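Novice: Here's a sequence, model it:
(4 chains)
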There are 2 protein chains.
Amino acid sequence: MFSIGDLSRRTGVKVPTIRYYEQMGLVAAPERSEGNQRRYSRQELERLAFIRHARDLGFAVEDIRSLIELSGHPDQPCGHADKIAGEQLISVREKIAQLKRLETELERIASCCDGRTVGDCYVIRALSDHALCADEHG
Amino acid sequence: MFSIGDLSRRTGVKVPTIRYYEQMGLVAAPERSEGNQRRYSRQELERLAFIRHARDLGFAVEDIRSLIELSGHPDQPCGHADKIAGEQLISVREKIAQLKRLETELERIASCCDGRTVGDCYVIRALSDHALCADEHG
DNA sequence: TCTTGAAGCTCTAGTGACTAGAGCAATTAT
DNA sequence: ATAATTGCTCTAGTCACTAGAGCTTCAAGA
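Specialist: Just a heads-up that it's a prediction; the model follows:
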């Protein structure tokens, strides 16, 4: 059996976050020790590692809830899991595209400033006047 | 003079968000009509457009506060504005790098699934077992 | 001038995914 | 036995909004 601190160390999920997940119903409430402390099994460790991994990959908690629910029914078709992962991939790609546009704009803004006074500052001027932007963003 | 709705239409900032910015002290409380409705000048319109633009570029509200403060002192050196923009650029680049790693991982996960049952599903397996990942992420 | 419907007002609470802190109790190591 | 660490619950805060209730004001047409 693992204490909540063991679990935290082994999964990289912080202790208050584990309790928060329990409160949200993402992980089940575990056994308790005589002194009312949480005691986790290896299975619960694995579930938390799963959650951690999915969060790292940017899945929303609601998506993770669906994936956990699915993983409890190994005999069903996995189209739904595929769909969740595919949507996540699309959303990641969109975020990358958006951030690249921002990167371009920020490069232009930051490089054009000649570093004199705020009155001449290209950073401030560019923010004041969207027309200075090379292309649309946001 | 513009009503809050006019301002919203012209800047693309939603009405409740404008009121929220006022509450946060990011925009000053404007004049009021006889019937207590907000009435904005062109200057206030421009400030809101500045804020909108900066938010689109991913600046945090606190950064925007600094940039506004700076823009009120056009005779000072603009190193600080440069610094804020430069840091924002770095942070955008880091986010892009991170998201690209996730993209690679998700591509692998989503493409390997042969679409049969959850028991065989690579999406679920990959999430359960970080060791299946090609490289580190998160 | 009256009326109607859109737009505005304030206030409170909710979102997502945690994080921080207070004030205790239990466990572990020495 | 004692001290340090870890754990407990509970409340509230974070960020940047968003939603809703219940009311008032405004602008345009009849």
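
Novice: does the residue nearest to the spatial centre of chain A sit in a helix, a strand or a coil?
Specialist: Among the residues of chain A, the one closest to the centroid is A:Gly58, at 3.7 Å (CA atoms, centre = their mean). Following DSSP: H, G, I helix; E, B strand; the rest coil, the label given to A:Gly58 is coil.

Novice: mind listing what A:Arg38 touches?
Specialist: Contact analysis of A:Arg38 by CB atoms under 8 Å, 6 or more residues apart in numbering or on different chains lists A:3-4, A:30-32. To be clear about C-beta, it is placed using only N, CA and C from the backbone, and glycine gets the same treatment.

Novice: So for it, what's the pLDDT?
Specialist: For A:Arg38, the model assigns a pLDDT of 97.

Novice: now the one 4 residues further on
Specialist: For A:Arg42, the model assigns a pLDDT of 93.

Novice: before we move on, what about the one 4 residues further on?
Specialist: Confidence per residue is given as pLDDT, and for A:Glu46 that number is 90.

Novice: do the same with A:Asp114
Specialist: pLDDT for A:Asp114: 61.

Novice: Please apply the same query to A:Ala134.
Specialist: 54.

Novice: and chain A, which residues reach DNA strand C?
Specialist: Within reach of DNA strand C by CB under 7 Å from any atom of the strand, chain A has these residues: A:3, A:14, A:16-17, A:20, A:33-37, A:55, A:60-62.

Novice: Could you rerun that using 10 Å?
Specialist: Neighbours of DNA strand C within chain A, by CB under 10 Å from any atom of the strand: A:1, A:3, A:5-6, A:13-21, A:23-24, A:26, A:32-37, A:39, A:51-52, A:54-56, A:58-65.

Novice: still on that earlier bit, looking at the contacts of A:Arg38, which are in strands?
Specialist: A:31-32 (DSSP state E).

Novice: Next one: the host helix or strand of A:Ser91, is it in contact with DNA strand D?
Specialist: Assigned by DSSP states H and E, A:Ser91 belongs to helix A:79-112. No - using CB under 10 Å from any atom of the strand, helix A:79-112 stays clear of DNA strand D, with a minimum separation of 14.4 Å.

Novice: what's the helix or strand for A:Arg39?
Specialist: Using DSSP H and E, A:Arg39 sits in strand A:38-39.

Novice: next one: A:Ile51
Specialist: For A:Ile51, the host element (DSSP H and E) is helix A:42-56.

Novice: Which positions in that helix come out as buried?
Specialist: A:44, A:47-56 (16 or more other CB atoms under 10 Å in any protein chain shown).

Novice: got it, and stretch A:34-42?
Specialist: Neighbour-count burial for stretch A:34-42 flags A:38, A:40 (criterion: 16+ other CB under 10 Å).

Novice: re earlier: residue contacts, the residue nearest to the centre of chain A?
Specialist: Neighbouring residues of A:Gly58 by CB under 8 Å, 6+ apart: A:88, A:91-92, B:99, B:102.

Novice: how about 7 Å then?
Specialist: Counting by CB atoms under 7 Å, 6 or more residues apart in numbering or on different chains, A:Gly58 makes contact with A:88, A:92, B:102.

Novice: helices or strands up against the helix or strand where A:Asp63 lies?
Specialist: If you go by DSSP H and E, A:Asp63 is part of helix A:61-71. Applying 3 or more CB pairs under 7 Å, 6 or more residues apart in numbering or on different chains; DSSP states H and E, one finds that helix A:61-71 makes contact with helix A:42-56, helix A:79-112, helix B:122-128.

Novice: could you redo the last one with a cut-off of 10 Å?
Specialist: helix A:15-24, helix A:42-56, helix A:79-112, helix B:122-128 (3 or more CB pairs under 10 Å, 6 or more residues apart in numbering or on different chains; DSSP states H and E).

Novice: thinking again about what came up before, tell me how far the residue nearest to the centre of chain A lies from DNA strand D.
Specialist: A:Gly58 sits 17 Å away from DNA strand D, taking CB to the nearest atom of the strand, to the nearest Å as the criterion.

Novice: Show the pLDDT at A:Val13.
Specialist: Note for A:Val13: predicted pLDDT of 94.
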